[in-house]
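In: here is a sequence with its predicted model. Questions after.
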Amino acid sequence: MTHTLLWFRKGLRLHDNPALQMAIQKATRLMPVFVLDPHFIDPDRVGINRMAFLLESLVDLDRRLRTLGSRLLVLRGQPEEVLAHAFSTWQVGRLCFERDTEPYARNRDERLRSLAQKCGIEVVSPTGHTLFDPDAVLKAGGGRAPLTYSAFLRVISRLGTPAQPQPTPAHLPPPIAEICESPDYAIPTLTELGYTDLEAVNHRYPGGETAGLERLGDYLADRARVAHFAKPDTDPTAFDPPATTVLGAHLKFGCLSARTFYYEVQAIYRQARSHTEPPVSLLAQILWREFFYVLGYATPNYDRMAGNPICRQIAWDDNPAYLAAWSEGRTGYPWIDAAMHQLEREGWLHHLSRHAVACFLTRGDLWLSWEAGQAVFERLLVDQDWSLNASNWMWLSASAFFHAYHRVYSPISFAKKYDPAGRFVRHYLPALERYPDAFIYEPWKAPLSVQREAGCIVGRDYPEPIVDHTEARTRNIERMRMAFTADPSTLPT
DNA sequence: CTAAGTGTTGTAATC
DNA sequence: AGATTACAACACTTA
Ligand SMILES: Cc1cc2nc3c(=O)[nH]c(=O)nc-3n(C[C@H](O)[C@H](O)[C@H](O)COP(=O)(O)OP(=O)(O)OC[C@H]3O[C@@H](n4cnc5c(N)ncnc54)[C@H](O)[C@@H]3O)c2cc1C
């Protein structure tokens, strides 16, 4: 007779879930638990779209558990406290949870592990979130995380292919009788968690395993698009529908298994006459995720410049007015502002839009720290993912991985090649809706008569550009050059 | 050790 | 119109 507590954190799914598989091996009673940790429940730090996505994912998980004779039990409070209580009241003998390599999680899980062991509880914590065990990747790389993508691909090729996805169980052991129908463990509402503006929930694809698998199926149905997917050629201004999968949040919360994604794409490649290759292919995208997960695992202070051995040390400015203008989408550059409004409204941006706004904030125009941008993304992105967010911010700010700092995105010309008529800008910045195409990316250049005609006067109804891009770009490339020559001692050894 | 090859995704001017 | 080039010359990996 074994009472097993299965602790869901990420990995909010029943398909390909190693922790679940191990949990049911010996269990006579299975208690599937999610803990509402106050650390993650904070309307000031977690945007409403991501919280809504999480709650949808929990509702779906509960529904799926119930079809297998089980249910989700939501506990509220510090994980150590509420789980310690659960261990004793439910006579738990075994604790299973998916391994999480982020620093907060490693700390938390270490404490939980020793607590459980003190209570004589067996702890099982398999890898399930990534394609490979990050320790196995490190070992294959000689104990270091590769710093280039191609070196990373070589290293993982030594590991063979990722483990095959595990099937969804056909039935589950029930929880102990007293709590099967108890209303005490219900999934909360947004209001209960302190969110007030419920109208603002506007993410495009709902959360949950069911929705994630469905979205994957829908995207993969266009086999030619999958086979010929080339990331830099996808259109950042496409929004209805977006050009890429928008599966980031499902992958981050584990509603969708990375291995399932991997093998489903492989299946299409096998039937296609030809397909694209890394680094641009669709399969390559899930490998980028893997690459950055390993780096985040192996690198100290990964989400900061200070004390981060792979991050170039740069004397960024501190300018709260610029930062506010950027994060609130009022820089005076319509393409940048429209993207920031899309981020705020929907919690998602195309990869190249992320490039554009990140470059603008850091080395391109405003010369502000990537950490400030990371914090804004962390709050607003539905697919916010600790390793990926930090990695990509370092990339765009030329702090690590990427060094061709004279390649600066233009906030005027870049989006024009995709969307000369400015559909994207008009959609996300309705104030500019009636501008003629010729001025949609540079409204300040429109003659006053045109501005009046369009019903939007620059400086009154829409801001003047906060910096002159051409000047800022020249100056910042020079500053970059100095940062690159100034301090070679900060480079990794 | 040195040296050559390589690197997801820029822009603007030019032919 | 699509490819080529200047811009200015970097870091990491591997031979
Ligand atoms: C400044 C900046 C911050 C970012 N922050 C995040 C973040 O917090 N969370 C996040 O998931 N992605 C982040 N990205 C990476 C990338 O932009 C998104 O993963 C992608 O745009 C999400 O859209 P999608 O799911 O349609 O991507 P697709 O192109 O459909 O890719 C499928 C999946 O592959 C993975 N992937 C794709 N591109 C990358 C990449 N560059 N790095 C790592 N994994 C990748 C993601 O899991 C993604 O969902 C960031 C990029 C930048 C430039």
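Out: Received, thanks.

In: CA atoms for contacts and neighbours, from now on please.
Out: Fine.

In: and A:Ala186, how many neighbours?
Out: 15 (other C-alpha atoms under 10 Å).

In: tell me the residues of the stretch 1-150 of chain A that contact DNA strand B?
Out: Contact residues, the stretch 1-150 of chain A versus DNA strand B (C-alpha under 7 Å from any atom of the strand): A:Thr148, A:Tyr149, A:Ser150.

In: just send those back as a markdown table, with neighbour count too.
Out: What follows is these, written out as a markdown table (neighbours: other C-alpha atoms under 10 Å):
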| residue | neighbour count |
| --- | --- |
| A:Thr148 | 12 |
| A:Tyr149 | 17 |
| A:Ser150 | 12 |
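
In: secondary structure element holding the one residue in the stretch 1-150 of chain A that gets nearest to the ligand?
Out: Residue of the stretch 1-150 of chain A nearest the ligand, by C-alpha to the nearest ligand atom: A:Thr130 (10.2 Å). Using DSSP states H and E, A:Thr130 is not contained in any helix or strand.

In: who's in contact with it?
Out: Going by C-alpha atoms under 8 Å, 6 or more residues apart in numbering, A:Thr130 touches A:Ala258, A:Arg259, A:Glu290, A:Tyr293.

In: of those, closest to the ligand?
Out: A:Glu290 (7.3 Å).

In: and what about the closest one, helix, strand or coil?
Out: On the three-state scheme (DSSP: H, G, I helix; E, B strand; the rest coil), A:Glu290 is labelled helix.

In: in chain A, where's the longest strand?
Out: strand A:29-36 (DSSP state E).

In: what's the spacing between A:Val357 and DNA strand C?
Out: 20 Å (C-alpha to the nearest atom of the strand, to the nearest Å).

In: show residues contacting the helix or strand hosting that residue.
Out: Here A:Val357, judged by DSSP H and E, is contained in helix A:351-359. If you take C-alpha under 8 Å, 6+ apart as the criterion, helix A:351-359 is touched by A:232, A:236-237, A:336, A:339-340, A:365, A:370, A:373, A:393, A:396-397, A:408-411.

In: after it comes which helix or strand?
Out: Later in the chain than helix A:351-359, the nearest helix or strand by DSSP H and E is helix A:370-380.

In: give me the angle between the lengthiest helix in chain A and helix A:370-380.
Out: Identified as the longest helix of chain A according to DSSP state H is helix A:48-67. Going by axes from the mean of the first three to the mean of the last three C-alpha atoms, to 10 degrees, helix A:48-67 is angled at 50 degrees with respect to helix A:370-380.

In: gap between helix A:48-67 and the chain center?
Out: Distance of helix A:48-67 from its chain centroid, counting by C-alpha atoms, centre = their mean, to the nearest Å, is 17 Å.

In: just checking, what packs against that helix?
Out: When contacts are defined as 3 or more C-alpha pairs under 8 Å, 6 or more residues apart in numbering; DSSP states H and E, helix A:48-67 packs onto helix A:209-221, helix A:370-380.

In: report all helices and strands that whichever helix or strand comes after it contacts.
Out: Later in the chain than helix A:48-67, the nearest helix or strand by DSSP H and E is strand A:73-76. If you count contacts as 3+ C-alpha pairs under 8 Å, 6+ apart, strand A:73-76 packs onto strand A:29-36.

In: how about the strand it packs on: buried residues?
Out: For strand A:29-36, a neighbour-count test (16 or more other C-alpha atoms under 10 Å) marks A:Arg29, A:Leu30, A:Met31, A:Pro32, A:Val33, A:Phe34, A:Val35, A:Leu36 as buried.

In: who's in contact with the residue nearest to the fourth one when sequence neighbours are not counted?
Out: If I follow you right, that is A:Pro32. Closest residue to A:Pro32 apart from its sequence neighbours, by C-alpha to C-alpha, 6 or more residues apart in numbering: A:Leu6 at 4.7 Å. For A:Leu6, the contacting residues are A:Ala19, A:Leu20, A:Ala23, A:Leu30, A:Met31, A:Pro32, A:Val33, A:Leu95, A:Cys96, A:Phe97, by C-alpha under 8 Å, 6+ apart.

In: picking up where we left off before, which among the contacts of helix A:351-359 end up buried?
Out: Looks like the contacts of helix A:351-359 have A:236-237, A:336, A:339-340, A:365, A:370, A:373, A:393, A:396-397, A:408-411 buried, using 16+ other C-alpha under 10 Å.

In: filter the contacts of A:Thr130 to the buried ones?
Out: Judged by 16+ other C-alpha under 10 Å, buried ones among the contacts of A:Thr130: A:Ala258, A:Arg259, A:Glu290, A:Tyr293.

In: which members of the residues you listed are the farthest-apart pair?
Out: A:Arg259 and A:Tyr293 (14.5 Å; C-alpha to C-alpha).

In: sorry, back to before: inside helices: which ones of the residues of the stretch 1-150 of chain A next to DNA strand B?
Out: In this view, those that belong to helices under DSSP H are A:Tyr149, A:Ser150.

In: how about the helices and strands packed on helix A:48-67 in CSV, adding mean pLDDT and distance to DNA strand C?
Out: What follows is the helices and strands packed on helix A:48-67, written out as CSV (pLDDT from 0 to 100; distance: least, C-alpha to the nearest atom of the strand, whole Å):
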stretch, mean pLDDT, distance to DNA strand C
helix A:209-221, 98, 27
helix A:370-380, 98, 18
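
In: of the ones you listed, which is nearest DNA strand B?
Out: DNA strand B lies closest, by C-alpha to the nearest atom of the strand, to one member of these: helix A:370-380, at 15.3 Å.

In: thanks a lot, see you next time.
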